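Novice: below is the sequence, then the predicted model.
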Amino acid sequence: MESEAARAAAKLFVQARATGALLDGLPKGLRPRDARDAYAIQLETIRQIEDNIAGWKVALSNEYGLLVGALIGSRMFETGATIPTSDMALVGVEAEIAFRFDKALPPRERPYDRGEIAAAVTAFPAVEILDSRFRDYEGTPVIDRAADFMSNSAFVAGRPRDDWRSFDLGKLEACLRIDGTEVVRLVGGHAAGDPLLPAIALVNQFRTSNGVSTGQVVTTGSYTGLQFVRKTSSVQALFEGFGVVDLDLLS
């Protein structure tokens, strides 16, 4: 994608964020063709809103391969946070396991193996909050949603577990409660089976460019599916025996 097209697409997202006016779609000449284009639009959006990358979300697409969505610094929260939702078009929540990079993994030619990456990270429970700058979330192509930070609106981190390697993360029991009511409970609900696998894929994609810095995080996908909630809700994501994340949404 030409840099001019990325700037123009990013400007549309910036305007949608600032005004609340949702997009019917991206113009044909500004649509991303692949994951690289989608990420280029994200980077330009971050530049225009003068924010920073605190981490990423990742997902594997059959059509586009590994999709990466930036988590921006101004939308990172800790458990117990109250998050305003008045400017959000919709509110979706997902219970996830994320990883904090305690050690930088810089660019290099040789791929990083599982052991190296596992030794460099600490796992923790998290909640991802999703929103969209598109009027028709479900009807918008996946690659266009990817350009919109993969629909990320906010990220809420729970307490890290230094002993995370003693758990089989693929078999955790996850429960999501909304306003005190359990809406879903699953065992081993992660799409990749092992949540470390998407983190490994991310590191090895970035080893050919900027690498990963100490303190950045990667969240790896939902254990409970995407659940849409009211703009004023209390949310709790509980991973039995592992950790809990609490947050309040306030319109």
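Specialist: Received, thanks.

Novice: what ranges does the chain have for its strands?
Specialist: Taking DSSP state E as the test, the strands found in the chain are 53-61, 65-72, 76-78, 81-84, 92-101, 121-130, 152-157, 173-178, 181-187, 217-222, 227-228, 233-239, 243-250.

Novice: ok, and for the second one, which residues are buried?
Specialist: What it means is strand 65-72. Neighbour counts over strand 65-72 (16 or more other Cβ atoms under 10 Å) mark L67, V68, G69, A70, L71, I72 as buried. Where C-beta positions appear, they are placed from N, C-alpha and C, glycine not excepted.

Novice: so the last one sits against W56, correct?
Specialist: No: here I72 does not reach W56: they are 10.4 Å apart, not a contact under Cβ atoms under 8 Å.

Novice: need the contact list for the residue nearest the centre of the chain.
Specialist: With distances taken as Cα atoms, centre = their mean, K57 lies nearest the centre of the chain, 3.2 Å away. Residues near K57 by Cβ atoms under 8 Å, 6 or more residues apart in numbering: V68, G69, L71, E128, M150, N152, F155, V218, T219, T220, G221.

Novice: do the same with I53
Specialist: Contacts for I53 (Cβ under 8 Å, 6+ apart) come out as I46, A70, L71, I72, G73, Q216.

Novice: mind listing what F149 touches?
Specialist: Neighbours of F149 in contact, by Cβ under 8 Å, 6+ apart: Q42, T45, G69, A70, L71, I72.

Novice: got the CA coordinates for stretch 194-206 in CSV?
Specialist: This file holds the C-alpha atoms of stretch 194-206, laid out as CSV (Å, rounded to 0.1, in the frame of the first residue of the first chain):
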residue,chain,number,x,y,z
ASP,A,194,-2.1,-23.1,23.5
PRO,A,195,-2.1,-19.3,24.0
LEU,A,196,1.6,-19.2,23.7
LEU,A,197,1.5,-20.2,20.1
PRO,A,198,0.2,-16.8,18.8
ALA,A,199,2.8,-15.0,20.9
ILE,A,200,5.5,-17.1,19.2
ALA,A,201,4.1,-16.3,15.8
LEU,A,202,4.1,-12.6,16.7
VAL,A,203,7.7,-12.6,17.9
ASN,A,204,8.9,-14.4,14.8
GLN,A,205,7.1,-12.0,12.5
PHE,A,206,8.6,-9.0,14.2
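
Novice: contacts for stretch 19-38, please.
Specialist: Identification of contacts with stretch 19-38 by Cβ under 8 Å, 6+ apart yields 1, 5-6, 8-9, 12-13, 15-16, 40-41, 61, 64-68, 87, 89, 132-136, 140-141, 143-144, 146-147.

Novice: V68 touches Q205, doesn't it?
Specialist: Yes: counting by Cβ under 8 Å, V68 does reach Q205; the two are 7.1 Å apart.

Novice: can you redo the strands of the chain as JSON lines with distance to A199 and mean pLDDT?
Specialist: Below are the strands of the chain laid out as JSON lines (distance: least, Cβ to Cβ, whole Å; pLDDT from 0 to 100):
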{"stretch": "strand 53-61", "distance to A199": "7", "mean pLDDT": "95"}
{"stretch": "strand 65-72", "distance to A199": "11", "mean pLDDT": "97"}
{"stretch": "strand 76-78", "distance to A199": "17", "mean pLDDT": "98"}
{"stretch": "strand 81-84", "distance to A199": "24", "mean pLDDT": "97"}
{"stretch": "strand 92-101", "distance to A199": "5", "mean pLDDT": "98"}
{"stretch": "strand 121-130", "distance to A199": "7", "mean pLDDT": "98"}
{"stretch": "strand 152-157", "distance to A199": "15", "mean pLDDT": "98"}
{"stretch": "strand 173-178", "distance to A199": "18", "mean pLDDT": "98"}
{"stretch": "strand 181-187", "distance to A199": "21", "mean pLDDT": "97"}
{"stretch": "strand 217-222", "distance to A199": "5", "mean pLDDT": "96"}
{"stretch": "strand 227-228", "distance to A199": "23", "mean pLDDT": "97"}
{"stretch": "strand 233-239", "distance to A199": "17", "mean pLDDT": "98"}
{"stretch": "strand 243-250", "distance to A199": "17", "mean pLDDT": "98"}
